[in-house]
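Novice: Sharing a model prediction with you, sequence too.
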Amino acid sequence: MKHLIDPMDLSVAEVDQLLELADDIMLNREKYQEVCKHKKLATLFFEPSTRTRLSFEAAMLELGGSILGFSSADSSSASKGESVSDTVTVVSGYADIIAMRHPKEGAPYAASLHVNCPVINAGDGGHNHPTQTLTDLLTIHQEKGRLDNLTIGLCGDLKFGRTVHSLIKAMARYENIHFVMISPEELRLPDYIIKDVLEKKKIPYKEVHTIEEVIADLDILYMTRVQRERFFNEADYIRLKDTFILDEKKLADAREDLCIMHPLPRVNEISKKVDEDPRACYFKQALYGKYIRMALIMTLLGVSVDEH
Amino acid sequence: MNIDSIKNGIVLDHIKAGKSMQIYKYLGLDDMDCSVAIIKNAHSNKMGKKDIIKIDDTLNLNLDVLGYIDPDITVCYIKDSKIVEKRHLELPSRLVNVIRCKNPRCITSTDTDLDQIFRLTDPEQGVYRCAYCESRKSSQKDY
């Protein structure tokens, strides 16, 4: 593994190794605090993303490394018309590893073709966001103790949500996974995901329109935001918006060991009161994001505790 | 119809009927001084009708591009009026600067110095996807 551009670049074995390393980092944080000493991470964020950028930076700092970079295209040479390949060629002289977010699809891949240091895709438009997928896998692995034999409910905007599409592809590689899609008709999972992933691999799934009718069956409920601008008219949005808001009432029949996830930011799709429920895992999920990024940075840099 | 046989050159056989002009154009044969024969709608036992191009010169052909345009083409290399090599083409696994990505959200739409790279992702259906944004492109049609 040299770069991480697409979540499916990683084999199941490579994902397992990353999860194992992240597990160990969580248990023995002191052991890893200098493992990236004298290494530098460049966070090249051509569009703003507080959570992902801070998570990468916190990950590198916890490994004893340093960080440099920018957090919007306005503060980079891109505003002067510099190409991505020129920017990364320059930056690769200053840093050992690059995490890049860019509004254009494929920009991190373009970057990876021009540098010798590892490039991590930190989100390229509506295309890929592999470290979010790894975060989701670590959350499931930590909270459920397994990545197989699970019934996963995906709720909200399943049409445009790239995190949902990537998670389906990633989880489809494990045994005995059932998916339950909970969405309005307008935002149902695209046919190409159903055909190319679910039907091709004969993975059982069902599509429903309310959380309540399936909540009792779920091991995981992955919530996403239903955005007003996705609807053709305001009336449909108003009619449907509350159906996809998770509150205590809708959790009445849920299992005690349900794991509620959300890629964040949350707006109103999960009631604040649910935060106090022990089954709410979305803030822990954000924390797991830091640990899996630590594991990823170490793996791509090829450093290990033994060397120190 | 009789066309003189060539001494040293290349014969592109089994071209799908009607595609020969497209290939003639791509190979830049109109700029060459050598004799070139285009035979359209020739009889073929296998294909019914086919096109053939005879080039009375030895060229360095980009077989990947030819394979993308028409993977059923047979390339015959002629030396001293004899066929010395026959190459059957197939859809190339990778295309570089042959077709362009039309996705306006793709990085290649703004960073125009990047190579246009496509990968064959579904050989059965002849589907290529942009290496950057994964936009789909079917073989041949858009060439």
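Specialist: Looks like it came in fine. Everything numeric in this text was worked out from a predicted model, so none of it was measured. Numbers count the residues shown, from 1 in each chain, chains lettered A, B, ... in the order given.

Novice: Please count neighbours and contacts with C-alpha atoms only from this point.
Specialist: Will do.

Novice: For burial, what's the neighbour tally of A:N149?
Specialist: 12 (other Cα atoms under 10 Å in any protein chain shown).

Novice: surely it meets A:R173?
Specialist: No - assessed by Cα atoms under 8 Å, A:N149 is found out of contact with A:R173, at 11.6 Å.

Novice: wait, what's in contact with the closest residue to A:I292 other than its chain neighbours?
Specialist: Of all residues not flanking A:I292 in the chain, A:A22 sits nearest, at 5.3 Å (Cα to Cα, 6 or more residues apart in numbering or on different chains). If you count contacts by Cα atoms under 8 Å, 6 or more residues apart in numbering or on different chains, A:A22 has them with A:138, A:291-292, A:294-295.

Novice: Okay, and which of the residues you listed map to strands?
Specialist: Of the positions in the contacts of A:A22, not one sits in strands, assigned by DSSP state E.

Novice: Pull the most distant pair out of these.
Specialist: With Cα to Cα as the measure, no two of the contacts of A:A22 lie farther apart than A:L138 and A:M294, at 12.2 Å.

Novice: Give me the buried positions along the helix or strand that contains A:S55.
Specialist: Per DSSP states H and E, A:S55 falls inside helix A:50-62. By 16 or more other Cα atoms under 10 Å in any protein chain shown, the buried positions in helix A:50-62 come out as A:52-53, A:55-62.

Novice: Switch those residues over to JSON lines; also include distance to chain B.
Specialist: Formatted as JSON lines, the buried residues of helix A:50-62 follow (distance: Cα to the nearest Cα, whole Å):
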{"residue": "A:T52", "distance to chain B": "21"}
{"residue": "A:R53", "distance to chain B": "21"}
{"residue": "A:S55", "distance to chain B": "25"}
{"residue": "A:F56", "distance to chain B": "23"}
{"residue": "A:E57", "distance to chain B": "25"}
{"residue": "A:A58", "distance to chain B": "28"}
{"residue": "A:A59", "distance to chain B": "27"}
{"residue": "A:M60", "distance to chain B": "27"}
{"residue": "A:L61", "distance to chain B": "30"}
{"residue": "A:E62", "distance to chain B": "32"}
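
Novice: Closest one to B:K102 out of those, please.
Specialist: Nearest to B:K102, judged by Cα to Cα, of the buried residues of helix A:50-62 is A:T52 at 29.3 Å.

Novice: List, one by one, the residues from chain B near chain A.
Specialist: When proximity is defined by Cα under 8 Å from any Cα of the partner chain, chain B lies next to chain A at B:105-107, B:111, B:114, B:131-133.

Novice: if you set the cut-off to 6 Å instead, what comes out?
Specialist: Listed as neighbours of chain A in chain B under the rule Cα under 6 Å from any Cα of the partner chain: B:105-107, B:111, B:132-133.

Novice: from these, which two are the most distant?
Specialist: The span of the residues of chain B next to chain A, defined through Cα to Cα, is set by B:D111 and B:C133 at 13.2 Å.

Novice: Show me which of these two is the more surrounded one.
Specialist: Between B:D111 and B:C133, B:C133 has the larger neighbour count (other Cα under 10 Å), namely 24 against 17.

Novice: Based on its surroundings, how many neighbours for the residue of the stretch 51-200 of chain A found nearest chain B?
Specialist: Using Cα to the nearest Cα, the single residue of the stretch 51-200 of chain A nearest to chain B is A:G106, 3.9 Å away. By other Cα under 10 Å, 27 other residues sit near A:G106.

Novice: same deal with A:V267?
Specialist: Per other Cα under 10 Å, the neighbour tally for A:V267 reads 12.

Novice: if we can go back for a sec, let's have the buried residues of helix A:50-62 in JSON lines, adding pLDDT and distance to A:H102.
Specialist: Below are those laid out as JSON lines (pLDDT from 0 to 100; distance: Cα to Cα, whole Å):
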{"residue": "A:T52", "pLDDT": "94", "distance to A:H102": "12"}
{"residue": "A:R53", "pLDDT": "96", "distance to A:H102": "12"}
{"residue": "A:S55", "pLDDT": "97", "distance to A:H102": "17"}
{"residue": "A:F56", "pLDDT": "98", "distance to A:H102": "15"}
{"residue": "A:E57", "pLDDT": "98", "distance to A:H102": "17"}
{"residue": "A:A58", "pLDDT": "98", "distance to A:H102": "20"}
{"residue": "A:A59", "pLDDT": "98", "distance to A:H102": "20"}
{"residue": "A:M60", "pLDDT": "98", "distance to A:H102": "20"}
{"residue": "A:L61", "pLDDT": "98", "distance to A:H102": "23"}
{"residue": "A:E62", "pLDDT": "98", "distance to A:H102": "25"}
